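S.K.: Need a 3D model of the following:
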Amino acid sequence: MDLSLYITAFVTLFVVIDPIGSIPVFLYATANVPRRLHRAYARRAILIAMLVLLGFHATLVAFGVAGEMLYWSDLI
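M.R.: The predicted structure follows:
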């Protein structure tokens, strides 16, 4: 496969999932949870996100369409 496809896929998923922006949400959601369970919760969240993406057969085109829909719905 072409390296540019992998780079495009990585950048698209990185922007959609937004791991940097998800850190405060994760820390707030696990504020009252013992520290030893944080890693287990993070793994569970990653697994669920992967299953959702695979379950809906998400493609780069689908992410592009969804992004455009969100963009245009903001303008209305």
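
S.K.: Val33 - how many residues pack around it?
M.R.: Using other C-beta atoms under 10 Å, Val33 has 11 neighbouring residues. No exception for glycine: its C-beta is placed from N, CA and C like everyone else's.

S.K.: So for the protein, the centremost residue is which one?
M.R.: Closest to where the C-alpha atoms of the chain average out (C-alpha atoms, centre = their mean) is Ile17, at 2.2 Å.

S.K.: Spatially nearest residue to that residue, not counting backbone neighbours?
M.R.: If the residues on either side of it in the chain are set aside, Ile17 comes closest to Ala49, at 7.0 Å by C-beta to C-beta, 6 or more residues apart in numbering.

S.K.: and the helix or strand of the chain with the lowest mean pLDDT, how far out from the chain's middle?
M.R.: Here the helix or strand of the chain ranked lowest by mean pLDDT, DSSP states H and E is helix 60-75, holding a mean of 71. Helix 60-75 sits 15 Å away from the centroid of its parent chain (C-alpha atoms, centre = their mean, to the nearest Å).

S.K.: again with stretch 37-50
M.R.: Using C-alpha atoms, centre = their mean, the offset of stretch 37-50 from its chain centre is 12 Å.

S.K.: Also stretch 2-15?
M.R.: With C-alpha atoms, centre = their mean, you get 13 Å for stretch 2-15.

S.K.: pull the CA atoms of it into CSV?
M.R.: Only the C-alpha atoms of stretch 2-15 are listed here, as CSV (Å, rounded to 0.1, in the frame of the first residue of the first chain):
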residue,chain,number,x,y,z
ASP,A,2,0.9,3.6,-0.5
LEU,A,3,2.6,5.4,2.4
SER,A,4,0.5,8.5,1.8
LEU,A,5,-2.7,6.5,2.4
TYR,A,6,-1.4,5.5,5.9
ILE,A,7,-0.4,9.1,6.7
THR,A,8,-3.8,10.4,5.5
ALA,A,9,-5.6,7.8,7.6
PHE,A,10,-3.5,8.5,10.7
VAL,A,11,-4.0,12.3,10.5
THR,A,12,-7.8,11.8,9.9
LEU,A,13,-8.2,9.5,12.8
PHE,A,14,-6.0,11.7,15.0
VAL,A,15,-8.2,14.8,14.2
